[in-house]
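Engineer: my questions concern the predicted model and sequence given below.
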Amino acid sequence: MKKILVLCTGNSCRSQIAEGYLRHFANGRFEVYSAGIETHGVNPRAIATMKEDGIDISGHTSNNLSEYSKLAFDYVITVCDNAKERCPFFPSAAEKFHHNFPDPAKATGNETEITEAFRQVRGLIKSYCQNFMNERLA
């Protein structure tokens, strides 16, 4: 079975959201993992935002890239510029993809504005993941 790794800086928001959607759209046909250059824990707002769309990521854990050093991935997707720039080289024939999504954890304003920032990023990631999987499952 093909494996996908989603990388971000802290494996707390964007990569967690992407992992949730990729798993959803893959429907068991791919193994999907996410990791960070650092680990910051799964952001509660990311969990809540995904729950609004019917996807439960509450059981996800925040993992460091080093935990997957022995796995051979077919695809590696970086979802922020920082992860792309800091991602260490690891021997792999993985096809690499990159899309820099805004970091919803850095949103400012009142609760409504922050929630809307998470929803907007969720929508961008959902669309990207759906297209990514559609291309690989075609």
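Structural biologist: Looks like it came in fine. Worth saying up front: this structure is predicted, and the values here are computed from it rather than measured. Numbers count the residues shown, from 1 in each chain.

Engineer: what packs against whichever strand or helix holds T115?
Structural biologist: Per DSSP states H and E: T115 is located in helix 111-137. Applying 3 or more CB pairs under 8 Å, 6 or more residues apart in numbering; DSSP states H and E, we find helix 111-137 packed against helix 14-26, helix 44-52. (Each C-beta comes from the backbone N, C-alpha and C, glycine too.)

Engineer: what is the orientation angle of it with helix 14-26?
Structural biologist: Here helix 111-137 runs at an angle of 50 degrees relative to helix 14-26 (axes from the mean of the first three to the mean of the last three CA atoms, to 10 degrees).

Engineer: could you give the mean pLDDT of helix 111-137?
Structural biologist: Confidence over helix 111-137 (mean pLDDT, whole number) is 97.

Engineer: hang on, Y128 packs against H99?
Structural biologist: Yes - using CB atoms under 8 Å, Y128 is in contact with H99, at 5.6 Å.
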